[in-house]
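Enquirer: Sharing a sequence plus its predicted fold:
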Amino acid sequence: MWERWKEGWTLHQIGHLFDRPHTSIHNILSKTGGIRPPQRRRGATALTLAEREEISRALIVGESMRSVAARLGRAPSTISREIGRNAGQDGYRASVADEAAWNRALRPKLCKLVKNRALAGVVANLLRMLWSPEQIAGWLTHTYPNDPSLHVSHETIYRSLFIQARGALKKELLEHLRRTRGMRRSRSYTQKTAIHGQIADAVSISERPASVEDRAVPGHWEGDLVFGSGNSQIATL
């Protein structure tokens, strides 16, 4: 799904690929503002499921924390904390503890614009002046070359706008972007298809019968539709 979205597929096209309504695809993409979330990985020092299963077996046979810690090459305090935060010695279950640790790791890190509210205020003011995120990032680097705390990439600004869960920039600032939209899209994204603007199963006017062409037979109708500005149309017969 994310690969197709990056390539510029429409919500309807992706939904058709998975036999799902386009609204279901939109709900998934909109959670992260149309920006693909990074692939999750376990920390290099985190306990593995195999180690947690070893801890569980050791508790069943009454083995001490120090002995299991020595066998796993871990500090006794690590084993003690692991057991303590996962129902204790009587209720510890390896699979439950592993899933809980994976879920706890979901806590997002604060982005720069959340930690530096003064910088967020400057960015917000420039957005209201219709500056693009690229212009803002470049201006900050040029104006404060020796103060990295006042530098922010345009990608961070976009992510802070599209991912409201970050709490960095208000959603109302989206309307000041050059292209007002609620999600990040591919440069090649378009709602237009190969037959955009064409009438399905249309018959060309050049294929009309000769009796219509010379107007010899009454009763045929010819229509035309013209679209104007301000959502106005004129139909003629």
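Expert: Yep, it's here.

Enquirer: Would you map the strands across the chain?
Expert: Secondary structure of the chain (DSSP state E): strands located at 224-227, 233-236.

Enquirer: between the ones you listed, which one is nearest to residue 60?
Expert: Smallest distance to residue 60 across these (Cβ to Cβ): 75.5 Å, for strand 224-227. Where C-beta positions appear, they are placed from N, C-alpha and C, glycine not excepted.

Enquirer: Show me this protein divided up by domain.
Expert: Per the TED database, the structural domains of the chain span 1-31, 49-106, 112-176.

Enquirer: Of all these, which one comes closest to residue 41?
Expert: Residue 41 lies closest to domain 49-106 among those, at 9.5 Å (Cβ to Cβ).

Enquirer: gap between stretch 216-236 and the chain center?
Expert: 44 Å (Cα atoms, centre = their mean, to the nearest Å).

Enquirer: Could you number the chain from 24 rather than 1 from now on?
Expert: New numbering, starting at 24: the last item is stretch 239-259.

Enquirer: Mind telling me which of the strands of the chain the model trusts least?
Expert: Mean pLDDT is lowest for strand 247-250 out of the strands of the chain, coming in at a mean of 89.

Enquirer: what bits of this protein have low per-residue confidence?
Expert: Scanning the chain for pLDDT under 70 picks out 129-132, 186-191, 193-194, 197-199, 201-220.

Enquirer: which residue ranges form the helices in it?
Expert: 25-30, 34-40, 45-53, 72-83, 88-95, 99-107, 111-114, 117-127, 135-138, 140-151, 156-166, 177-185, 233-236 (DSSP state H).

Enquirer: As JSON lines, the ones you listed with distance to residue 224 would be great.
Expert: As requested, those are arranged in JSON lines below (distance: least, Cβ to Cβ, whole Å):
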{"stretch": "helix 25-30", "distance to residue 224": "28"}
{"stretch": "helix 34-40", "distance to residue 224": "20"}
{"stretch": "helix 45-53", "distance to residue 224": "24"}
{"stretch": "helix 72-83", "distance to residue 224": "58"}
{"stretch": "helix 88-95", "distance to residue 224": "70"}
{"stretch": "helix 99-107", "distance to residue 224": "67"}
{"stretch": "helix 111-114", "distance to residue 224": "67"}
{"stretch": "helix 117-127", "distance to residue 224": "53"}
{"stretch": "helix 135-138", "distance to residue 224": "52"}
{"stretch": "helix 140-151", "distance to residue 224": "47"}
{"stretch": "helix 156-166", "distance to residue 224": "45"}
{"stretch": "helix 177-185", "distance to residue 224": "40"}
{"stretch": "helix 233-236", "distance to residue 224": "19"}
